[in-house]
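Q: Can you look at this prediction? I've put the sequence above it.
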Amino acid sequence: MKTKALFLFLSLCFCASASAQKAATPPPTSTTSTIETVRREGIEFVVTTNRKFNYIPLYAGNGYESILLLEEVRTEMSRDVEGMNSAMKVEAWIGKGRKPDKKAWTIKADADVAEAGDPFYKVTKYGCCASMNTHVWYNLLSGQRVFTGTNNLVKISVPNTGGDSLDRYVTFHSNMGSIEAPEMKRLKDVMGVLQYGTNKRATYRIVLRASDSETFDLGQPEVGVAHQQETKFAEDDQEQEVALWAYDGKKSASSLSDFTVILKWEDKIQITIPFKNDAPVLSEAKVPAKIKLELPSKP
């Protein structure tokens, strides 16, 4: 019995040591890119695999941390086929100071380009034909998928509260996107999904449903946030921010009140949704008769 117990103890120690070594595996220090030509069904494709490192200093609340990304984009294209197919694989290591040595996450996505910045890692799938470019935002520290949208984010903040615990974001995912939202796979009349939440998760997903085909095909609206005398709409080239100065310095979720999210299409079609206590107030929303707002259970 003593021999068996000793063997079991040594085995457990070996496994623990192996796991620790695996968890502490440092990132590679070099990488390569490739190009090749393949032929499928009589069509010649050029396949490029581009890899690069991306080093990012990041403030995580308890001191500066650094993140190292190894980004890989594999793209297939042909002169005989419209569009191109791209897939991304991104690996992240995180650490204190200048040595990110702890493997944090791996993302695999159908995407063409990516952009990293505090607090998100954003990938974009280009649209083709009638579809629109669609973005996916992941939390940069955890790799957790947070939002998908066909427009850029609008940030909502409470001034002088320290940290990012009261930062919120809004985006809209149109049914014309190059990526489908989960709700669009279940329901046939979804115009899009408005998302609101933190840099860690979308706390609300408001589904817009159309009662006729003309309304269903309205396309991508402008997305904005209004507070007091300030209104800002999402822009492709940079993130917009609306500061809730009426609650300056108040460190409570109740400070996330008295602002309105606006969805505006051409032909003067508009939806306004007021927010109070960090939540949408759908009972006070102004919505055209042919559009219905639904708020499923929280994600």
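A: Alright, I've got the coordinates.
Q: For the stretch 1-150 of the chain, give me the ranges with low pLDDT.
A: 1-24, 60-64 (pLDDT under 70).
Q: What sits closest to residue 253 if chain neighbours are left out?
A: residue 278 (4.4 Å; CB to CB, 6 or more residues apart in numbering). To be clear about C-beta, it is placed using only N, CA and C from the backbone, and glycine gets the same treatment.
Q: Which parts of the stretch 1-150 of the chain are helices?
A: 2-23 (DSSP state H, counting those that start in this stretch).
Q: all strands in it, in order from the N-terminus.
A: Per DSSP state E, counting those that start in this stretch, the stretch 1-150 of the chain carries strands over the ranges 34-40, 43-59, 64-78, 81-96, 102-109, 113-117, 120-125, 134-139, 145-149.
Q: Show me the strands paired with the first one, marking each as parallel or antiparallel.
A: Translated: strand 34-40. Strands that pair with strand 34-40, judged by DSSP bridges, come out as strand 43-59 (antiparallel).
Q: cool, and the fifth one?
A: Strand pairing for strand 102-109, using DSSP bridges, gives strand 81-96 (antiparallel).
Q: Can you mark which positions in the strand it pairs with are buried?
A: 86, 88, 90, 91, 92, 93, 94, 95 (16 or more other CB atoms under 10 Å).
Q: so it versus strand 113-117, what angle?
A: 20 degrees (axes from the mean of the first three to the mean of the last three CA atoms, to 10 degrees).
Q: now strand 81-96, how far from the chain's geometric center?
A: 14 Å (CA atoms, centre = their mean, to the nearest Å).
Q: Ok, stretch 79-87 next?
A: 24 Å.
Q: Give me the contact list for it.
A: The contact list for stretch 79-87 (CB atoms under 8 Å, 6 or more residues apart in numbering) reads 43-45, 73-77, 108-112, 125-126, 128-129.
Q: can we see that at 10 Å?
A: Here stretch 79-87 makes contact (CB atoms under 10 Å, 6 or more residues apart in numbering) with 42-49, 72-78, 108-113, 123-129, 131.
Q: tell me the contacts of the closest residue in space to residue 130 that isn't next to it in sequence?
A: Leaving aside its sequence neighbours, residue 130 sits nearest to residue 176 (CB to CB, 6+ apart; 6.7 Å). Residue 176 is in contact with 127, 130, 131, 132, 134, 150, 191, 192, 217, 218, 219, 220, counting by CB under 10 Å, 6+ apart.
Q: So among those, which ones count as buried?
A: By 16+ other CB under 10 Å, the contacts of residue 176 give 127, 131, 132, 134, 150, 191, 192, 218, 220 as buried.
Q: Closest to residue 206 out of these?
A: residue 192 (9.3 Å; CB to CB).
Q: is it true that the closest one touches residue 134?
A: No. Using CB atoms under 10 Å, residue 192 is not in contact with residue 134, being 11.2 Å away.
Q: Quickly list what's touching both of those two.
A: 149, 150, 151, 173, 174, 176, 177, 181.
Q: Now, those that are in strands?
A: 149, 173, 174 (DSSP state E).
Q: Out of these, give me the one that has the most neighbours.
A: Highest neighbour count within those: residue 173, with 30 neighbours (other CB atoms under 10 Å).
Q: Surely it and residue 194 touch.
A: Yes. Between residue 173 and residue 194 there is a contact under CB under 10 Å: 8.0 Å.
Q: Spell out which residues are contacts of both of the two.
A: 149, 205, 208.
Q: Secondary structure element holding the second one?
A: The one in question is residue 205. Using DSSP states H and E, residue 205 falls within strand 202-210.
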